[in-house]
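> Build me a structure from this.
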Amino acid sequence: AAGAMERGEFARSDSLHRIALGIWEAADPESPDVLASLIATALSVQGLARYAEAESLYHRALEIASTLYGDAHPQYAHALNNLGRLLTDQARFAEADSILRRALEVRLAAFGPEHPEVAITRNNLGRVLRQRGRHEEAVPLYLQALAVFEERLGPEHAYTSGTRNNLAMCYDLMGRHDLA
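This next block holds a predicted model:
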């Protein structure tokens with residue numbers, strides 16, 4: 001299923017993830033496996049632009065993560081981060097901002113500032129702030145994320161390149177073409 005999603009075959013990925021989800025739910029409807037399957041299914045559905053369905057799956061994942069681990073756990077933050085990205089894709093920036101800030105808070109407490117999961121959320125929050133025209137707030141988030149990605153994942157990694165591109169777009173919007 002993950003391979004299908006990586007190839008952009010979201011309908012196939014959705015179908016395979018739903019089979020897995022059904023199997024896990026039959027065994028234990030509030031297990032870590034159900035949580036992981038819900039998030040994977042939501043990503044597939046999101047790729048098909050079925051946003052309301054994806055949002056419902058993320059909310060269900062948040063309920064299970066909260067039940068299993070509490071709302072200060074990295075698994076809870078993972079679901080928050082993905083929900084924040086979904087809301088960003090729908091231009092629901094105020095909601096995304098709040099959710100991503102909570103995800104960042106949880107991830108910082110769990111992993112510390114130099115972890116790639118923290119950098120992912122910083123990049124996502126930077127994207128929201130850029131979309132809201134709050135470029136001065138977005139730049140430090142992008143710079144922090146970029147430093148972590150370069151150090152931990154290398155200069156050629158997709159996350160590093162994506163964050164570098166987001167930072168350049170932000171500088172461009174600020175009129176700082178020398179930095180873009």
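
> quick one: secondary structure of residue 49?
coil (DSSP: H, G, I helix; E, B strand; the rest coil).

> mind checking how far it is from residue 89?
Remark: distance between residue 49 and residue 89 (CB to CB, to the nearest Å) = 9 Å. No exception for glycine: its C-beta is placed from N, CA and C like everyone else's.

> ok, now residue 79?
16 Å.

> Same question for residue 12.
For residue 12, the distance to residue 89 - CB to CB - is 21 Å.

> can you give me phi and psi for residue 70?
When read as degrees, to the nearest 10, the backbone of residue 70 gives phi 90, psi 170.

> And the pLDDT at it?
Residue 70 carries a pLDDT value of 97.

> What is the neighbour count of the nearest residue to it once chain neighbours are set aside?
Spatially, and ignoring its direct neighbours in sequence, residue 70 is nearest to residue 76 (7.0 Å; CB to CB, 6 or more residues apart in numbering). For residue 76, the neighbour count with other CB atoms under 10 Å is 26.

> thought residue 76 was touching residue 63?
No. Residue 76 lies out of contact with residue 63 (CB atoms under 8 Å); the separation is 10.0 Å.

> Please name the nearest non-neighbouring residue to residue 45.
Per CB to CB, 6+ apart, closest to residue 45 is residue 54, 4.4 Å.
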